[in-house]
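Colleague: sharing a sequence plus its predicted fold:
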Amino acid sequence: MEAILANNYDKPSNEYYPTPEYTVLDLFEVIPMRRDWTYLEPCRGEAKSFYKYMPEGSQWAELSEGVDYLTTKFEHVDCIITNPPFSLSVPFLEKSFTEADVIIYLQRANFLGSKKRKEFWNANKPDALITLTKRPKFKGSRNDMTEYCYYIWDRKNRLGLEDTFYFV
């Protein structure tokens with residue numbers, strides 16, 4: 001019953017759920033922030049969860065500040081890291097594939113499942129997954145009993161990851 005109730009709350013219209021600090025630090029256990037890389041945070045948000053760790057001058061978008069990622073042209077970067085609105089994840093990813101060598105998205109584990117995303121997944125398999133063993137507790141939401149992962153696309157193997165699956 002709790003899981004059913006947790007999924008029925010009213011979500012913010014912009015799907016803004018600031019990424020908890022411990023969730024960001026979990027990512028950096030596996031993939032450290034590289035000071036010599038260029039970065040883009042498409043959903044910077046008020047908390048600047050990922051952006052505050054990026055090198056000075058990193059690019060960003062934030063709809064609430066008038067910079068819409070989907071309609072703004074960005075210079076190519078080494079890496080994009082973000083926690084996008086779930087309902088816009090596929091359009092965000094399709095754009096990210098054209099703008100970065102490495103793409104890291106925080107998403108629900110069940111993002112992998114869906115008939116409507118089957119074609120997308122067949123064409124865009126992630127190179128690695130980092131499963132969060134501690135479920136994120138997003139500010140303004142209940143613990144939704146959902147598992148989360150960082151999905152990583154690294155077609156040029158710039159990260160040099162040795163495994164496909166990580167658990168932090």
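Modeller: That came through fine. All figures in this text were calculated on a predicted structure; none of them were measured in a lab.

Colleague: rest of the way, CA atoms for contacts and neighbours
Modeller: Noted.

Colleague: who are the contact partners of residue 67?
Modeller: residue 61 (Cα atoms under 8 Å, 6 or more residues apart in numbering).

Colleague: for the residue at minimal distance from the centre of the chain, grab phi and psi.
Modeller: Nearest residue to the geometric centre of the chain (Cα atoms, centre = their mean): residue 105, 2.3 Å. Main-chain dihedrals, residue 105, degrees, to the nearest 10: phi -120, psi 130.

Colleague: tell me the spacing between it and residue 92.
Modeller: The spacing between residue 105 and residue 92, counted by Cα to Cα, to the nearest Å, is 10 Å.

Colleague: what bridges to the residue nearest to the centre of the chain?
Modeller: Using DSSP bridges, the beta-bridge partners of residue 105 come out as residue 82, residue 151.

Colleague: can you classify residue 46 as helix, strand or coil?
Modeller: coil (DSSP: H, G, I helix; E, B strand; the rest coil).

Colleague: now swap in residue 56 and tell me
Modeller: At residue 56 the chain is in coil, as set by three-state DSSP.

Colleague: now do it against residue 37, distance only.
Modeller: 11 Å.

Colleague: now residue 78
Modeller: Residue 78 sits 6 Å away from residue 37, taking Cα to Cα as the criterion.

Colleague: buried ones in stretch 98-106, by neighbour count?
Modeller: Residues of stretch 98-106 classed as buried: 99-106 (neighbour count, 16 or more other Cα atoms under 10 Å).

Colleague: CA atoms only for it - export them in CSV, please.
Modeller: Provided in CSV are the C-alpha atoms of stretch 98-106 (Å, rounded to 0.1, in the frame of the first residue of the first chain):
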residue,chain,number,x,y,z
THR,A,98,25.1,15.2,-30.3
GLU,A,99,26.8,17.4,-27.7
ALA,A,100,29.1,15.3,-25.6
ASP,A,101,31.5,12.3,-25.7
VAL,A,102,30.3,11.1,-22.2
ILE,A,103,26.7,11.3,-21.0
ILE,A,104,25.7,10.5,-17.4
TYR,A,105,22.0,10.6,-16.5
LEU,A,106,20.4,9.9,-13.1
